[in-house]
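**Q** Pasting the sequence and the predicted coordinates here, then a few questions.
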Amino acid sequence: MYFYALKRMVVAFVLALPGTAVATVVAAPAAHADGCYTWTRTLKQGRSGNDVRQLQIRVAGWAAYRNIVHIDGIYGPETAAAVRRFQSAYGLRVDGIAGPQTFAKIYSLQDDDCTPQHFSYSELDNGCGKGGWSGGPLSASATREAAVRTMWKLEALRRSLGDKPLYVTSGFRDIACNRQVGGVSNSQHLYGKAADLQSRTSSLCEVAREARNHGFSGILGPGYPNHNDHVHVDSRRENNSDNRPNTTDWSAPACGVG
C-alpha cells in the first residue's frame, strides 16, 4: 500500500457567486501566488499559449468517453468540453471558460510540486524500489513530466469514483525493472504513462469502466491475462516514442470493457 505525501493546505479563494454577471466571469483572474503555476488571464476558445497547455494537462482527465485532450496549447472545443466536465464535477459554474472559479479549484487540488492533491511522485516513480525517473527510453525529466500528466488523469478518475483512495501498485519502471517484473518490451510503464491500480471501495470492474471516461487510451483489467488483481491504465494514444500506432486498446472482458 502506498501512502500519500503530506499535502499542502488548500488555497483560500473567494468564488464568484452563481448570479455574478458574465463580465465578471471573463475578467482576468485576481493575482495569486501558487507554488507550481499561476494563471494570469481568463482562458476561453480561441486563445493559445503555454497557459492553455498547463490548463490542458490538469483537465485531460475530463475527456469524453473514449476521447483524449490534446496537450497542444490551443483552446478549442475539445478543451472547452473538458473544462465544462471539470466544472460540473466540482460544482462550479459550467461555462467552458477557465476563469477565477476554475483556477481556484485547480489551485486547491495542486501541490507546489505540480502533482494533484491525492497522488505523489513517490507513488509513481521507479517500481522496483530504486526510485527516480532515469533508465527508461526517455530522459528523466520527460518521464517525470509524463507521470504528472498520468497523476492528473488519476485525480479525475478518483473524483468520479466518489473521491475514495486509489492505490498505485506500479507506476514508472526503468528497463531493468520492467524486465524483472515481466512487462512487455514496449510497456507504457517505461514512459511514465501508466499506472496499475487497486481500490478498497470500488470493484476493479468499476475502476475499469469509469477509466473509459478519463482520457485513458489503454485499459487492461479483469479477464485480461495477469490482470485479475488490478486495473492497468495508460496513455498509449499520446505516446509518439513507443514505435507503435497511436490507438485505443481496452481489454477487461470480465467487466464488459473492450
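**A** Sure, I can see it. All figures in this text were calculated on a predicted structure; none of them were measured in a lab. Numbering: from 1, shown residues only.
**Q** tell me the contacts of the closest residue to Gly136 other than its chain neighbours?
**A** By the measure of CB to CB, 6 or more residues apart in numbering, the closest residue to Gly136 outside its immediate chain neighbours is Leu190, 4.6 Å from it. C-betas here are computed from N, CA, C, even on glycine. Leu190 is in contact with 136-137, 172-175, 178, 183, 242, counting by CB atoms under 8 Å, 6 or more residues apart in numbering.
**Q** go again using 7 Å as the cut-off
**A** Counting by CB atoms under 7 Å, 6 or more residues apart in numbering, Leu190 touches 136-137, 173, 175, 178.
**Q** In helices only, show me these.
**A** Using DSSP state H, the subset of the contacts of Leu190 located in helices is 175, 178.
**Q** mind listing the strands in the stretch 51-200 of the chain by residue range?
**A** 166-170, 194-199 (DSSP state E, counting those that start in this stretch).
**Q** now these as TSV including distance to Val59 and mean pLDDT?
**A** Formatted as TSV, those follow (distance: least, CB to CB, whole Å; pLDDT from 0 to 100):
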stretch	distance to Val59	mean pLDDT
strand 166-170	18	96
strand 194-199	18	98
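**Q** Gly35 reaches Thr115, doesn't it?
**A** No - with contact defined as CB atoms under 7 Å, Gly35 does not reach Thr115; the gap is 11.1 Å.
**Q** Looking only at neighbour counts, state which of these two leads.
**A** Of the pair Gly35 and Thr115, Thr115 is the one with more neighbours under other CB atoms under 10 Å, namely 24 against 13.
**Q** pLDDT value on that one, please?
**A** Here, the pLDDT recorded for Thr115 equals 97.
**Q** wouldn't it be in contact with Met151 here?
**A** Yes - counting by CB under 7 Å, Thr115 touches Met151, with 5.5 Å between them.
**Q** where does Asn186 fall, phi/psi-wise?
**A** Taking degrees, to the nearest 10, you get phi -110, psi 30 for the backbone angles of Asn186.
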